[in-house]
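> Sequence first, predicted model second:
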Amino acid sequence: MEELLYGAAYYDEYMPYERLDKDISMMKKAGINVIRIAESTWSTEEPEEGVFDFSHVTKVLDACEREGLYVIVGTPTYAIPAWMAKAYPEVMVTDRSGRRPYGARQIMDITHPAYRFFAERIIRRLMEAVAGYRCVIGFQLDNETKHFGTSSENVQQMFVRHMRKKYEGDLDRFNHDFGLDYWSNRINSWEEFPSVAGTINGSLGCEFEKFQRQLVTDFLKRQAEIVGEYKRADQFITHNFDFAWKGYSYGVQPDVDHFKAAEAVTIAGCDIYHPSQDKLTGKEIAFGGDLTRSLKKNNYFLIETEAQGFPEWTPYEGQLRLQAFSHLASGADSVMYWHWHSIHNACETYWKGLLSHDFEENAVYREACRIGGQFRELSPSLLHLKKENKAAIMVSNEALTALKWFPFPGNGANRTDYNDVVRWIYDALYEMNIECDFVSTQEEELSRYDVLFVPALYSAQEDCLKRIRDFAEQGGCVIATFKTAFTDENVKVRTQVQPYLLRDCFGVKYHQFTAPSGVKLAGDSFALTEEERNAELFMELLETEDAQVVSGYDHYAWKKYAAVTRKDFGKGLGIYFGCMTSPAYLKALLASLWKEKGWWTWKQEIPSPLVIREGTNGKGKRITYYLNYSGEAKACACGGSGRELFSQKAVTEGEILTVAPWDLLIVEA
């Protein structure tokens, strides 16, 4: 597409009365040029087994064809019809709690042959129904697909076959790699392999969850194959990946390997939901966008985000617009809302859309009209934003899962987990206006980065650790944290001195670790308060070999151990955090490093909540976003001469720019 897509999910099936023409008229007034349909209404499209009715779909497509709106058609496979659950109860997912009852969405076994048969049939019939419509620009596979905890007998047997093939039938090697002699868990024949749902062996549990994630990849790839048989060459295939949820989109999704699953699509897509009002920081927008952009190293679609959302997310004036342009600043080529109007009953009654329950124009809709007009006007300058970031964060589903089985100290639902460590690093970079990419543990093109962050890479294959080590030796800077390189890919603790294979890279070793209690950091030159010097979460008792101690532990029992170290290694540098620190400490260390290496720029001089995001547009011109995530006006020096796109005024480097509360400026150089 050569224009920004601005739109919403739209379901004629949900409307309490006929208003399609009115809705399209209001959409066009708002500058909306695309809608998503069909993904949620299988029971309407196939009301009885083998009886199909796509009249709602074709009715909307006819109107969009006539009125010039684009349409993304979703495969309706994530919410099964009641007749299927009644006639084929075995399709309901069996997870650790047992077989799930019908009612919610995403409660089916995505591997079950009966479900797969019906899913393929509805996809094919839908594709036949929408063929020939020029307004259909692409297809969305399923919806926020995950494995839903499936551990049915069918899945257990698939897993056993998978492991038997992986180990070429060698049970002794399998038992050894997974430590199954412990507590008499040894498996002495493949036929007696017990259900993994009850395992207490973390290595086997993590392997099963890795297998479950592969089921998602396989499922999406199969849907892509089916859609690919029907789609035109100019139509795309996408999927709306979502993220780990902590009341909003928070971190790496534990139930899908996004990097692998993205192989199924031609354009990556995502759903991002975030706090608003005084809690709007833009961090979740940037995190989700940066991760999704990294999946295919290209622009992506924002397929769902909030309009009004929950009542506590009703945006202040200006915030909807700030949010929309923030997505573009991460490289999105679309902004689409869930959804057009607020539902009048059922589960998402108060997950409000652009229109409230009365369907009348409101403050959010009027702001959407402003956004739509500016998207249309500025599309040539804002489309296809490319980035060349010099920092990357390595993320790992395997480490995430392993640290769920072997968690950090603490209690309760708010226990710090892998994603908190990832966000500790990402949020510090974001607040310092340092943009970054994400890379998987399979990434082999690390040389394009200057800095690689490795948060809590607890489980890793040896070749991944070698690539990290080589990156530093060849001139890169590796910044790794506690819990890195501790276990192999089977979550088996290494027998060598820790950190395995990276010991010479960081110049440290350790034999013991504990949880910090009343421990401060000392010995550095950072100007920090006492509270900002707390050692937090986890504490490795680092012994230096040939590393420089940046900070030690200020505690009578632990003062001989290092907390944070650095070492010149080959042509590069290794920095190691033996504990989590305060965000202020992390930012102080990064500021010192950035200045030392000559990476410090005018952007790092600008304090959060004024956020700077940059890139190069399709015309080869530099685009700089100045995003003010606060209720107060913020001023800063302009980073370069150019034209401010909203006012069309010329600006010069060093000129003081004032960004209004919850507002933004965009400069094209």
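Right, received. Where do you want to start? Numbering: from 1, shown residues only.
> Please count neighbours and contacts with C-alpha atoms only from this point.
Noted.
> pLDDT of stretch 74-84, averaged?
For stretch 74-84, mean pLDDT is 97.
> Ok, stretch 250-266 next?
pLDDT averaged over stretch 250-266 gives 98.
> likewise stretch 356-369?
pLDDT averaged over stretch 356-369 gives 97.
> cool, stretch 423-442 as well?
98.
> how close does the nearest residue in space to G642 that is not next to it in sequence sit to L4?
Distance criterion CA to CA, 6 or more residues apart in numbering; nearest residue to G642, sequence neighbours excluded, is A669 at 4.1 Å. With distances taken as CA to CA, to the nearest Å, A669 is found 20 Å from L4.
> same thing with I371?
I371 is 11 Å from L4, by CA to CA.
> higher neighbour count, these two?
L4 (24 against 21; other CA atoms under 10 Å).
> Could you count how many residues lie near M432?
22.
> scratch that, K279 is what I was asking about
Neighbours around K279, by other CA under 10 Å: 11.
> Now do the same for it: its pLDDT.
Residue-level pLDDT assigned to K279 equals 97.
> now do A413
68.
> again, but for the one 4 residues further on
Looking at D417, its pLDDT is 96.
> My read is that it contacts L403, right?
Yes. Applying CA atoms under 8 Å as the test, D417 and L403 come out as touching, 6.9 Å apart.
> These two - which one has more neighbours?
For the pair D417 and L403, the greater number of neighbours falls to L403 (23 against 19), based on other CA under 10 Å.
> which residues does that one contact?
By CA atoms under 8 Å, 6 or more residues apart in numbering, the contact list for L403 reads 417-418, 458.
> so of the residues you listed, which ones are in helices?
Y418 (DSSP state H).
> Could you dump the contacts of L403 into CSV and include distance to N201?
Output for the contacts of L403, formatted as CSV (distance: CA to CA, whole Å):
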residue, distance to N201
D417, 19
Y418, 20
Y458, 16
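> Among the contacts of L403, which one sits closest to A391?
Nearest to A391 among the contacts of L403, counting by CA to CA, is Y418 at 19.6 Å.
> and the residue nearest to the closest one when sequence neighbours are not counted, what element?
Using CA to CA, 6+ apart and skipping the chain neighbours, the partner closest in space to Y418 is L400 (5.3 Å). Secondary structure assigned from DSSP states H and E places L400 in helix 397-405.
> and S184, how many neighbours does it have?
Neighbour count for S184, taken as other CA under 10 Å: 8.
> Show me the helices in the stretch 151-300 of the chain, by range?
153-166, 171-177, 202-228, 258-261, 283-295 (DSSP state H, counting those that start in this stretch).
> want to throw these into a markdown table with mean neighbour count and distance to G507?
Compiled in a markdown table, the helices of the stretch 151-300 of the chain are given as follows (neighbours: other CA atoms under 10 Å; distance: least, CA to CA, whole Å):
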| stretch | mean neighbour count | distance to G507 |
| --- | --- | --- |
| helix 153-166 | 15 | 36 |
| helix 171-177 | 15 | 29 |
| helix 202-228 | 20 | 29 |
| helix 258-261 | 22 | 32 |
| helix 283-295 | 24 | 31 |
